[in-house]
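Trainee: Give me coordinates for this.
(one chain, ligands or ions: 1)
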Amino acid sequence: MSEKKSSGGDFRYAVGAAKVPWHAVGEFYNGMDASELVKFLLPDAGNAAYAGQLENVEKEIRKLAEVSGRASKLTLGKKVAEAEETAKKYFGSKYACFVDNWTGGMEIAYKLTGIGPGDEIIMPAVTFIATMAYPLSMGAKIVFADIDPETINLDPADVARKITPKTRMIVPVHLGGYPVDMDPLMELAKKHDLIVMEDAAHGMGGAYRGRKLGSIGHFGGFSLHEVKNINALGEGGVLLSNEDWAGPQFPGGRFLGLDFSRKIKDWLYDISPLTDRFGRPQVALNHSATEVQALGMLLQMRRLDEIISIRRKAAEYMNEVLSQEEGILTEKPDTAETYGTHHLYLLRIDPEKVGGDIQKLAAKLAQKGLTNITHFGPMYRFKIMKDLGYDENAIAATCPNTERMFYSCYTHLPLYPLTEEQLKYQAQAVVEAVREMKAGR
Ligand SMILES: Cc1ncc(COP(=O)(O)O)c(C=O)c1O
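Mentor: Prediction:
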């Protein structure tokens, strides 16, 4: 696979210094707008002092606006470039692309891999629909491999069983931020000439055998949606790769193939297709991300390691309390080889010892005021799969651990930003609920 030519991704009218300039930004934001942004990020929480403080801030912002310039590049500018440089350094990846969301990032990777009708992609069934949306839309076949009951992550042994001559990709998901056992998957990929893309939507900052999650496969990346460990003002994504045949094409993949390295006659640029792994042209769509999104990620990335260490301590506390009650199976702790992000706390039970399944426990936990959400419903059960001709029960029969774990054995609990009191209450409530079940209540 040869190195592909880089394609620029940033379209701007700005023509530089001129007597009559053409600005990149059609309408600038002003001081009033900046005040509204402050109010949006720091809303009134009912504190009596808020109105007075806000008045001071608004006055100062008005003064500042009188002497300030205006943000003159709002998308695909310096902040996006900084976000990408920061990501390359932090994750140790050769290429990084900041995108509108991780679903968009995965689409670029799937396109570069050349995924099309009839190709088989192996992934777990317990993940978000986003993991399979692009290959499903292309008429590729999703093959669900079963999960390891201890981590509920993809089981490499079942992946090996499900590889066929039509398999093109393996897509492990570091669910809840717990690292998938990547080495056996990379070995399988090498043996069968497959591409591995890590869905590390929950895994930003985690590591496996000294390598950051998302940087191990041919592709990998993160979601910066608001519910994730860190976000990019609500939405965002980062796509990583070390592959020279793919990485240089990221900017074109993100922005419609605009290619500033070439021009057609009398015009600013050319449009180049992506060249997929098999040398075929692929049409890029638009997954541009804004400067403010990039800034949002950069600000929160500064505290990422600290956030993970707080989550880790919270998970250790949950494990400590829950391990004292028979029938509760605590989350697999970090080891010398794995460093999870603890995005979700994985609570598992042995239904026989507890005298009931997770559905009963989940209802009890909800009654006690806990929020528990089992991430995620097995994807082969969704209507879209039936309508596309998949047989849910036949697939379920090939994923016995997925079925048993999802319906009977696990749920997820939050860890952050819980107060110490909330965390204690949560741990105690789980123990009490399990004791009630054991007592037949
Ligand atoms: C496992 C998983 N994969 C992919 C995604 C998609 O990420 P985004 O919302 O940034 O497109 C999510 C987001 O919730 C997710 O949880």
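Trainee: which residues in the stretch 151-300 of the chain form strands?
Mentor: 167-170, 195-199, 207-208, 211-212, 219-223, 237-241, 258-259, 270-271, 274-275, 281-282 (DSSP state E, counting those that start in this stretch).
Trainee: Of these, which is nearest the ligand?
Mentor: The ligand sits nearest to strand 219-223 of all those, at 3.2 Å, using C-beta to the nearest ligand atom. In this view, the C-beta of every residue, glycine as well, is placed from N, C-alpha and C.
Trainee: what helices or strands is the closest one leaning on?
Mentor: helix 102-113, strand 195-199, strand 237-241 (3 or more C-beta pairs under 8 Å, 6 or more residues apart in numbering; DSSP states H and E).
Trainee: Convert it to CSV, retaining C-alpha atoms only.
Mentor: What follows is strand 219-223, C-alpha atoms only, in CSV (Å, rounded to 0.1, in the frame of the first residue of the first chain):
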residue,chain,number,x,y,z
PHE,A,219,-7.7,2.9,13.0
GLY,A,220,-9.1,4.0,16.3
GLY,A,221,-10.9,6.9,17.9
PHE,A,222,-13.0,8.6,20.4
SER,A,223,-16.4,10.2,20.9
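Trainee: Pull up the pairing partners for it, direction included.
Mentor: Using DSSP bridges, the strands paired with strand 219-223 are strand 195-199 (parallel), strand 237-241 (antiparallel).
Trainee: hey, C-alpha coordinates of stretch 425-439 in PDB?
Mentor: Provided in PDB are the C-alpha atoms of stretch 425-439 (Å, rounded to 0.1, in the frame of the first residue of the first chain):
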ATOM      1  CA  TYR A 425     -25.200   5.400  49.100                       C
ATOM      2  CA  GLN A 426     -24.900   3.700  45.700                       C
ATOM      3  CA  ALA A 427     -22.600   0.900  47.000                       C
ATOM      4  CA  GLN A 428     -24.800   0.300  50.000                       C
ATOM      5  CA  ALA A 429     -28.000   0.300  48.000                       C
ATOM      6  CA  VAL A 430     -26.600  -2.400  45.700                       C
ATOM      7  CA  VAL A 431     -25.600  -4.500  48.800                       C
ATOM      8  CA  GLU A 432     -29.100  -4.000  50.400                       C
ATOM      9  CA  ALA A 433     -30.900  -4.800  47.200                       C
ATOM     10  CA  VAL A 434     -29.000  -8.100  46.700                       C
ATOM     11  CA  ARG A 435     -29.700  -9.000  50.400                       C
ATOM     12  CA  GLU A 436     -33.400  -8.400  49.800                       C
ATOM     13  CA  MET A 437     -33.300 -10.700  46.800                       C
ATOM     14  CA  LYS A 438     -31.500 -13.400  48.700                       C
ATOM     15  CA  ALA A 439     -34.200 -13.100  51.400                       C
END
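Trainee: Show me what counts as buried in that stretch.
Mentor: For stretch 425-439, burial by neighbour count (16 or more other C-beta atoms under 10 Å) applies to 426-427, 429-430, 433-434, 436-437.
Trainee: Now pLDDT, secondary structure and distance to Asp155 too, for the residues you listed, in a markdown table please.
Mentor: Conversion of the buried residues of stretch 425-439 to a markdown table gives the following (pLDDT from 0 to 100; DSSP: H, G, I helix; E, B strand; the rest coil; distance: C-beta to C-beta, whole Å):
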| residue | pLDDT | secondary structure | distance to Asp155 |
| --- | --- | --- | --- |
| Gln426 | 98 | helix | 29 |
| Ala427 | 98 | helix | 29 |
| Ala429 | 98 | helix | 31 |
| Val430 | 98 | helix | 26 |
| Ala433 | 98 | helix | 29 |
| Val434 | 98 | helix | 27 |
| Glu436 | 98 | helix | 33 |
| Met437 | 98 | helix | 28 |
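Trainee: Noted, bye for now.
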